[in-house]
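Chemist: Dropping the sequence and predicted coords here.
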Protein chains: 2
Amino acid sequence: MPEDHLPPELKPGQLLARGVCRHLLGHDFVTVEELIPSPGLRVDVMALGPKGEIWIVECKSSRVDFTSDRKWHNYLEWCDRFFWAVDEHFPTELLPDESGLIVADGYDAEIVRMGPEDKLPAARRKVMVQKFARHAALRWQSARDPGLAVSGG
Amino acid sequence: MPEDHLPPELKPGQLLARGVCRHLLGHDFVTVEELIPSPGLRVDVMALGPKGEIWIVECKSSRVDFTSDRKWHNYLEWCDRFFWAVDEHFPTELLPDESGLIVADGYDAEIVRMGPEDKLPAARRKVMVQKFARHAALRWQSARDPGLAVSGG
């Protein structure tokens, strides 16, 4: 019998993202996954804080997952703080010192090192909060109304 | 056999809200339901437009549902435009002329009369877009991660 009402199995990076999102909620940051800040870029986790802070967290499940990422510098201009999230076995010496570091599993996470703050200009923050709102609302609408065909976001 | 993977049955007002949300998406407005703009107020539908417009839609499934609403004037200060949504059998002559009017069912809706525009001050719009974002993201997180205990919003 197909168990089609069970959630789909998550990939390793998505499991890290789930733990990150759970942990960030404890800091009063709400989150979305796979938001596109600009064409060609897709962030693993974008978090919105209680004062409008925007954080980006890239989840790396393996060494090759990190070393094959040629785009991460482009994420910096879309957030106030940038973090890597990895599991406890990841060789963290590979990661640049000047980024934040979160150690995660599928259930929780811990912020080991804060990413340095580089505040977004007000106009870009406004655009990003709206993108975040639209992304979250579209996903939530397609979840609460399965009869709806949603594209974009 | 309990059919626990079917969506729960919606009440008449929630069905109207579903049709309203589907229709507004066609106007590129994303939506959430049951957002609390300030303590003691809970709007049926809040919509966020492509330019940051905030609309509120109150769904009334019957005459008594409307006549027992003593709070609706308090919603006006939280949006750029205010609408009533009712089904095709509702006695629309009861509704104030100076509000917008949407006729809806559970599947779609139509904007019969635009609500007049009374633009939010910039500071309040910023707060409302953030509230909208947090509400949508919390609901979407609890949907995509059923293991999470979420409160507030």
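Modeler: Arrived safely, thanks for sending. Since the model is a prediction, treat every value here as computed from it, not as a measurement.
Chemist: Using neighbour counts, pick out the buried residues of stretch A:141-150.
Modeler: By neighbour count, with 16 or more other Cβ atoms under 10 Å in any protein chain shown as the criterion, the buried positions of stretch A:141-150 are A:Q141, A:S142, A:A143, A:R144, A:D145. (C-beta placed from N, C-alpha, C; glycine too.)
Chemist: swap in stretch A:105-112?
Modeler: Using 16+ other Cβ under 10 Å, the residues of stretch A:105-112 that count as buried are A:G106, A:A109, A:I111.
Chemist: Please put the alpha-carbon coordinates of that stretch into CSV.
Modeler: Coordinates of each C-alpha in stretch A:105-112 appear next as CSV, following Å, rounded to 0.1, in the frame of the first residue of the first chain:
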residue,chain,number,x,y,z
ASP,A,105,21.4,17.6,12.2
GLY,A,106,17.8,16.9,11.1
TYR,A,107,16.4,17.7,14.5
ASP,A,108,18.2,20.8,15.8
ALA,A,109,21.3,23.0,15.3
GLU,A,110,23.7,25.2,17.2
ILE,A,111,25.2,28.5,16.1
VAL,A,112,28.9,28.0,16.7
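Chemist: Show residues contacting it.
Modeler: The set of residues external to stretch A:105-112 that reach it, using Cβ atoms under 8 Å, 6 or more residues apart in numbering or on different chains, is A:10, A:15-16, A:18-20, A:22-24, A:27, A:83, A:85, A:87-88, A:100-104, B:147.
Chemist: for A:L10, helix, strand, or coil?
Modeler: coil (DSSP: H, G, I helix; E, B strand; the rest coil).
Chemist: What is the burial count for it?
Modeler: Applying other Cβ atoms under 10 Å in any protein chain shown, we find 14 other residues in the vicinity of A:L10.
Chemist: that older thread, now, of the contacts of stretch A:105-112, which are buried?
Modeler: Applying 16+ other Cβ under 10 Å to the contacts of stretch A:105-112, the neighbour count classes A:15-16, A:18-20, A:22-24, A:83, A:85, A:87, A:100-104 as buried.
Chemist: Sort out for me which of those are in helices.
Modeler: When DSSP state H defines the helices, the subset of these inside them is A:L15, A:L16, A:R18, A:G19, A:V20, A:R22, A:H23, A:L24.
Chemist: can you list these in JSON lines and add pLDDT and distance to B:T67?
Modeler: Below are those laid out as JSON lines (pLDDT from 0 to 100; distance: Cβ to Cβ, whole Å):
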{"residue": "A:L15", "pLDDT": "95", "distance to B:T67": "52"}
{"residue": "A:L16", "pLDDT": "97", "distance to B:T67": "53"}
{"residue": "A:R18", "pLDDT": "97", "distance to B:T67": "46"}
{"residue": "A:G19", "pLDDT": "97", "distance to B:T67": "50"}
{"residue": "A:V20", "pLDDT": "98", "distance to B:T67": "48"}
{"residue": "A:R22", "pLDDT": "97", "distance to B:T67": "44"}
{"residue": "A:H23", "pLDDT": "98", "distance to B:T67": "48"}
{"residue": "A:L24", "pLDDT": "98", "distance to B:T67": "44"}
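Chemist: Of those, which are in range of chain B?
Modeler: Filtering these for neighbours of chain B using Cβ under 8 Å from any Cβ of the partner chain leaves A:R18, A:R22.
Chemist: Run through the strands of chain A in chain order.
Modeler: With DSSP state E as the criterion, chain A has strands at A:30-35, A:43-48, A:54-60, A:81-86, A:100-104, A:109-113.
Chemist: The second one vs chain B: in contact?
Modeler: It stands for strand A:43-48. Yes - remark: strand A:43-48 sits within contact range of chain B at A:L48, by Cβ under 8 Å from any Cβ.
Chemist: quick one: average confidence on that strand?
Modeler: Throughout strand A:43-48, pLDDT has a mean value of 98.
Chemist: What strands flank that strand, and is each parallel or antiparallel?
Modeler: In the sheet, strand A:43-48 lines up against strand A:30-35 (antiparallel), strand A:54-60 (antiparallel) (DSSP bridges).
Chemist: I'd like these as CSV, with mean pLDDT and mean neighbour count appended.
Modeler: What follows is these, written out as CSV (pLDDT from 0 to 100; neighbours: other Cβ atoms under 10 Å in any protein chain shown):
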stretch, mean pLDDT, mean neighbour count
strand A:30-35, 98, 23
strand A:54-60, 98, 25
